[in-house]
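>>> Below are the sequence and a predicted model; questions follow.
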Amino acid sequence: MKNNGKNPRRPTKTEALSCLAVMIAVMLTGTVKGFDISISLFITAAYVGVIGLRCGFTLHELLEAMYQKAGELTDLFFLLCGIGFLTASFIFAGTIPALITYLLAFVTPGLCILFGFLFTAVTAFFIGTSFGTCGTIGVAMMGLAIVMDVNLAAMAGAVVSGSHVGLFFSPMADNFNLVVSVTKTDSLTVMKRAAYIGIPTFAACIIFYSVLGVLSGSANSAFDHSMLSEGLASVFHISPIALIPIIVVVAGSFLHLPSVVSLFGGGLIGILIGTLLNGFSIWKGLAAGYHGFDLTVVTGISADAVLPEIVTLCNRGGMLSMSSLFVILFAAVGAAGIMIRIKAVEVIVETLFGRIRSVFGLAVSSWCIGTITGGITNSSALSILMPVEMLEEKYREFGYSSLDCAVVANTAASPMLSIIPWTDVALYMSGVVGVQAAVYAPYSMWSWGLGVMSIICSILKAGYHKDRAHEV
């Protein structure tokens with residue numbers, strides 16, 4: 001399609017907002033009708049493409065925008081394959097069975113969800129990565145929830161929440177350091193400012209997951225772990241040696257190795273350990289890394305000969321288990337790439353958040369801009385940078401600094417992306433925990449609780465100090 005010599009223009013307010021409205025409408029319709037999310041995203045991409053053509057962009061330019069955005073997801077494709085490979089190897093090595101056996105000694109069904117949040121939160125703080133945390137400790141906690149018959153959506157929400165604590169609080173995390181860089185401050189200053197939002201949210205999460213645990217665990221208060229432990233021991237050799245793959249992956253995060261190296265490296269070591277420790281075939285281990293672990297195929301034990309909980313726990317993982325997520329990602333980048341190219345995102349943000357008259361309005365705008373930007377662009381970095389770029393002067397007019405803006409924006413970066421179903425973060429988390437983002441979202445309190453707390457703090461002006469405006 002030719003441009004006929006016309007220069008492309010930005011979409012009008014009506015055109016840009018219609019893109020957002022159509023996206024929301026088809027997502028809601030798809031959810032109600034039970035359509036796969038990829039169908040809704042393809043419809044959105046088609047509509048946004050029509051708007052792009054109306055604005056004077058050529059079909060070639062729009063397709064190029066889609067291809068360019070898809071190219072940015074290459075790392076994620078390898079990460080998803082890596083987590084599928086690692087999950088299967090964790091079962092093959094006996095890593096998950098061993099960890100669950102040890103946890104069964106002191107974790108009850110009523111405490112399972114709370115421990116899922118706390119274990120992942122502590123790990124995320126020290127290693128600074130949500131993907132690595134969820135892919136290691138998160139997988140183990142989901143396995144524990146399966147065998148204890150605990151609400152899987154609640155446990156998934158707890159695991160996803162805990163996995164994102166580090167991104168807001170940890171000096172090891174990319175998002176945290178981006179806030180430090182953008183605001184030209186130091187880690188301690190950012191931590192102090194973030195504490196006004198993060199500490200109350202963390203305390204609320206503990207209460208929330210404690211109550212969920214009591215409600216979920218009470219239905220299974222008579223859980224007997226001895227039979228399950230014996231069943232796992234009959235299939236796997238339970239030993240601390242089986243925990244080495246987890247240590248390898250966590251060490252890789254500490255050493256700042258590329259995540260894909262840590263995932264596949266830990267997976268290969270897991271297969272080697274499974275071969276030596278459990279006596280399984282190394283070739284079946286590699287096949288499990290691709291197709292997924294199958295109890296009968298790998299061990300020769302009939303599924304009818306063991307507890308159903310063990311079959312459910314073991315038959316999982318594999319790179320192929322992530323294949324359905326690839327289609328969703330391609331559909332998502334189609335809409336996102338075009339909206340970015342035609343500058344629809346800029347128009348939406350300028351239209352909705354152009355007039356602000358209070359600190360409350362600043363906080364709401366920062367969070368909304370970050371959420372909308374992240375939801376459309378799949379970028380947690382842009383979720384932080386866009387609000388700062390657009391609202392920094394507004395904050396200064398009120399006597400505050402870019403630090404206030406960046407910290408609030410960080411509540412809408414990866415935490416919110418983890419519960420927006422079509423984003424790469426949510427798709428990764430869904431692939432790991434085995435629960436769709438739309439299902440675990442209500443239970444992922446850290447993800448949405450940070451935004452709520454940031455708005456509450458703006459009303460109380462907690463953490464807002466005008467004298468800091470001259471320091472940043």
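Yep, that arrived.
>>> Please count neighbours and contacts with C-alpha atoms only from this point.
Will do.
>>> mind listing what Gly71 touches?
Residues in contact with Gly71 (Cα atoms under 8 Å, 6 or more residues apart in numbering): none are found.
>>> tell me the phi and psi of it?
phi -60, psi -30 (degrees, to the nearest 10).
>>> residues in contact with the nearest residue to Ala332 once chain neighbours are set aside?
Setting aside the residues directly before and after it, Ala332 is nearest to Leu41 in space (Cα to Cα, 6 or more residues apart in numbering), at 5.7 Å. By Cα under 8 Å, 6+ apart, the contact list for Leu41 reads 23, 26-27, 328, 331-332, 335.
>>> Helices of the stretch 51-200 of the chain, start to end?
Assigned by DSSP state H, counting those that start in this stretch, the stretch 51-200 of the chain shows helices spanning 59-71, 74-93, 95-103, 109-127, 130-133, 139-147, 152-163, 165-169, 174-183, 187-217.
>>> pLDDT (mean, whole number) over the fourth one?
Same thing as helix 109-127. Confidence for helix 109-127, expressed as mean pLDDT, is 88.
>>> that older thread, and the residue nearest to Ala332, how close does it get to Val347?
In this view, Leu41 and Val347 are 21 Å apart by Cα to Cα, to the nearest Å.
>>> pLDDT below threshold where in the stretch 101-250 of the chain?
Counting by pLDDT under 70, the stretch 101-250 of the chain shows low-confidence ranges at 217-224.
>>> do that again at 80, thanks
Scanning the stretch 101-250 of the chain for pLDDT under 80 picks out 104-106, 126-129, 132, 136, 172, 174, 216-228, 250.
>>> quick one on the thing from earlier: okay, the helices of the stretch 51-200 of the chain, which one's buried deepest?
Per-stretch averages of neighbours, counted by mean count of other Cα atoms under 10 Å, single out helix 152-163 among the helices of the stretch 51-200 of the chain, with a mean of 31.
>>> for the helix or strand Ser226 falls within, which positions count as buried?
Using DSSP states H and E, Ser226 sits in helix 225-235. The neighbour-count criterion (16 or more other Cα atoms under 10 Å) identifies 228-229, 231-233, 235 as the buried residues of helix 225-235.
>>> Adding distance to Leu295, write those residues out as a markdown table.
Putting the buried residues of helix 225-235 into a markdown table (distance: Cα to Cα, whole Å) gives the following:
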| residue | distance to Leu295 |
| --- | --- |
| Leu228 | 16 |
| Ser229 | 16 |
| Gly231 | 13 |
| Leu232 | 12 |
| Ala233 | 14 |
| Val235 | 9 |
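>>> Does Phe236 touch Ile96 like I think?
No. Applying Cα atoms under 8 Å, one finds Phe236 not in contact with Ile96, separated by 10.1 Å.
>>> okay, now Glu309: neighbour count?
16 (other Cα atoms under 10 Å).
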